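Novice: task: produce atomic coordinates for the following.
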Amino acid sequence: MRAYVFVLLVAFAVTYLTTPLVRRLARRVGAITPVRDRDVHSVPVPRMGGLAMFLGFAVALLVASRTPFLDRTFDDGGAPWGVLLGAGTVCALGVADDLWTLDAVTKLAGQSLAAGLMAWQGGVQLVALPLGGQTIISRNGLIVLTIVAVVVAVNAVNFVDGLDGLAAGIVAIAGTAFFVYSYLLSRYTFDPTDYSSLATLVTAAMVGCCLGFLPHNFNPARVFMGDSGSMLIGLLLATSTISITGQFDPGELSNAQVVPAFLPLVLPLAVLALPLVDMGWAIVRRVGTGKSPFTPDKLHLHHRLLRLGHSHANAVLVMYVWTATFAFGVASSAFLEPMTALALGLAAVTAAVLVTLGPLRGRWLGGRARRGHVS
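Specialist: Got it, this is the predicted structure:
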């Protein structure tokens with residue numbers, strides 16, 4: 001655990017310290033988000049903060065490759081470097097979009113390229129779980145499914161990135177839940193002398209990047225992560241869940257371990273629940289009115305929370321609560337008794353509903369939150 005915490009702290013420190021430098025660079029090269037009709041900020045804000053997050057992730061990965069215990073993760077091949085290659089590709093694509101506003105087809109092609117490089121060069125791909133000793137999908141089919149899964153996750157996080165601190169906080173919370181899950185699963189199922197895991201390593205570095213960026217990005221934000229950041233953390237979140245799927249043969253596990261081993265098929269949906277719901281809702285809404293699914297609007301979940309009376313900061317906190325409810329609820333079901341997990345889940349959902357629709361909405365942070373609210 002200490003090795004993973006060390007990686008997290010390295011990613012946090014590098015991201016936190018380099019974000020002001022990237023903000024100045026963004027101002028110099030003109031990567032500025034103007035005030036548009038659909039936005040909730042009231043003044044132009046520099047973007048391209050994802051570049052600092054990528055630097056944090058890259059340095060954390062390099063440090064991990066020289067850290068005892070974690071260096072074993074780099075012995076089996078080029079998977080960690082494949083992740084870095086995919087992350088660098090999608091971050092470069094995002095920087096280009098932050099500078100010149102690329103069209104949707106170009107971004108989709110770039111995202112697919114980044115996912116493909118990870119799958120082919122690094123071997124980070126979905127693996128069919130054995131069913132009676134047989135795999136049900138070919139290797140090429142699994143690579144295609146990997147690319148689709150990464151692209152969906154990238155765009156889901158990109159869709160939800162609409163309020164100060166929203167995407168970074170949601171991914172940090174979801175990533176923490178997955179970190180706990182993957183770490184405990186590795187401890188229970190791997191060799192007791194070597195339970196290092198690529199999924200846990202990538203998740204720890206990703207959470208550190210998000211936490212390092214968040215102080216600069218929470219309301220009122222001094223810098224936006226831009227597409228360079230939202231696409232980066234979307235790819236890393238997908239990578240974490242993909243890299244753990246299929247590592248465990250259910251035929252070799254005890255009855256108590258079968259549920260945790262199959263949970264990677266479900267946990268990504270819980271981790272990305274809010275972004276996926278928001279993206280799906282937006283696509284249906286836009287296509288239903290004859291518009292392109294990529295046409296921006298002010299009808300996302302976070303916009304609706306603002307209309308319910310939440311301040312800017314409180315709307316973000318509500319989304320944090322729902323993310324924690326889904327992600328930790330599903331992850332905990334792997335290691336808690338069913339009735340205990342159900343009771344805790346119901347209590348968490350009740351609390352989330354109360355903070356979303358209850359009489360205290362919009363009052364959590366008092367005057368400070370309201371002064372920071374922009375519309």
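
Novice: which ones are touching the closest residue in space to Ile143 that isn't next to it in sequence?
Specialist: Residue nearest to Ile143 in three dimensions, not counting chain neighbours: Ala119, with 4.7 Å by Cβ to Cβ, 6 or more residues apart in numbering. (Each C-beta comes from the backbone N, C-alpha and C, glycine too.) Contacts here follow Cβ atoms under 8 Å, 6 or more residues apart in numbering; on that basis Ala119 touches 82, 125, 143, 146-147.

Novice: need these in a markdown table (columns: pLDDT).
Specialist: As requested, these are arranged in a markdown table below (pLDDT from 0 to 100):
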| residue | pLDDT |
| --- | --- |
| Gly82 | 90 |
| Gln125 | 79 |
| Ile143 | 84 |
| Thr146 | 87 |
| Ile147 | 91 |
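
Novice: need those residues in CSV with distance to Met206, can you?
Specialist: Rendered in CSV, the data for these read as follows (distance: Cβ to Cβ, whole Å):
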residue, distance to Met206
Gly82, 15
Gln125, 18
Ile143, 22
Thr146, 18
Ile147, 20
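
Novice: nearest to Tyr4 among these?
Specialist: Nearest to Tyr4 among those is Gly82, at 19.8 Å by Cβ to Cβ.

Novice: Three-state assignment for that closest one, please.
Specialist: Reduced to three states with DSSP: H, G, I helix; E, B strand; the rest coil, the structure at Gly82 is helix.

Novice: which strands and helices sit next to the helix or strand hosting Ile233?
Specialist: Assigning secondary structure by DSSP states H and E places Ile233 in helix 226-244. In this structure, helix 226-244 makes packing contacts with helix 50-65, helix 79-100, helix 104-122, helix 139-160, helix 166-189, helix 198-217, helix 267-271, judged by 3 or more Cβ pairs under 8 Å, 6 or more residues apart in numbering; DSSP states H and E.

Novice: any idea of the mean pLDDT in it?
Specialist: If you average the pLDDT over helix 226-244, you get 91.

Novice: angle of it against helix 139-160?
Specialist: 140 degrees (axes from the mean of the first three to the mean of the last three Cα atoms, to 10 degrees).

Novice: of the contacts of Ala119 - the most surrounded one?
Specialist: Neighbour counts for the contacts of Ala119 were taken using other Cβ atoms under 10 Å; the highest belongs to Gln125, which has 25 neighbours.

Novice: so it touches Val144, yeah?
Specialist: No - taking contacts as Cβ atoms under 8 Å, Gln125 lies outside contact range of Val144: 9.6 Å.

Novice: which of the contacts of Ala119 sits closest to Ala347?
Specialist: Closest approach to Ala347 among these (Cβ to Cβ): Thr146, at 36.1 Å.

Novice: need the three-state assignment for Thr295.
Specialist: The three-state assignment at Thr295 reads coil, by three-state DSSP.

Novice: and the residue nearest to Ala327 when sequence neighbours are not counted, how far from Val353?
Specialist: Nearest non-adjacent residue to Ala327, counting by Cβ to Cβ, 6+ apart: Ala177, 3.6 Å away. Using Cβ to Cβ, to the nearest Å, one gets 20 Å for the distance from Ala177 to Val353.

Novice: let's have the helices and strands packed on helix 226-244 in TSV, adding distance to Pro296.
Specialist: Conversion of the helices and strands packed on helix 226-244 to TSV gives the following (distance: least, Cβ to Cβ, whole Å):
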stretch	distance to Pro296
helix 50-65	19
helix 79-100	14
helix 104-122	11
helix 139-160	10
helix 166-189	15
helix 198-217	20
helix 267-271	25
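
Novice: let me know which of these is tucked in deepest.
Specialist: The highest average neighbour count among the helices and strands packed on helix 226-244, using mean count of other Cβ atoms under 10 Å, belongs to helix 198-217 at a mean of 28.

Novice: quick one: that one to helix 226-244, angle?
Specialist: Computed by the same axes, to 10 degrees, the angle between helix 198-217 and helix 226-244 is 160 degrees.

Novice: for helix 198-217, C-alpha coordinates in PDB please.
Specialist: C-alpha atoms of helix 198-217 as PDB (Å, rounded to 0.1, in the frame of the first residue of the first chain):
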ATOM      1  CA  LEU A 198      -1.200  -2.500 -13.300                       C
ATOM      2  CA  ALA A 199      -4.800  -1.500 -12.600                       C
ATOM      3  CA  THR A 200      -4.000  -0.400  -9.000                       C
ATOM      4  CA  LEU A 201      -0.900   1.500 -10.100                       C
ATOM      5  CA  VAL A 202      -2.600   3.400 -12.900                       C
ATOM      6  CA  THR A 203      -5.600   4.200 -10.600                       C
ATOM      7  CA  ALA A 204      -3.300   5.500  -7.900                       C
ATOM      8  CA  ALA A 205      -1.400   7.800 -10.300                       C
ATOM      9  CA  MET A 206      -4.700   9.000 -11.900                       C
ATOM     10  CA  VAL A 207      -6.200   9.900  -8.500                       C
ATOM     11  CA  GLY A 208      -3.100  11.800  -7.600                       C
ATOM     12  CA  CYS A 209      -3.300  13.800 -10.900                       C
ATOM     13  CA  CYS A 210      -6.900  14.700 -10.200                       C
ATOM     14  CA  LEU A 211      -6.300  15.700  -6.600                       C
ATOM     15  CA  GLY A 212      -3.300  17.800  -7.600                       C
ATOM     16  CA  PHE A 213      -5.300  19.600 -10.200                       C
ATOM     17  CA  LEU A 214      -8.500  20.100  -8.100                       C
ATOM     18  CA  PRO A 215      -7.200  23.000  -5.900                       C
ATOM     19  CA  HIS A 216      -6.700  25.100  -9.100                       C
ATOM     20  CA  ASN A 217      -9.900  24.000 -10.700                       C
END
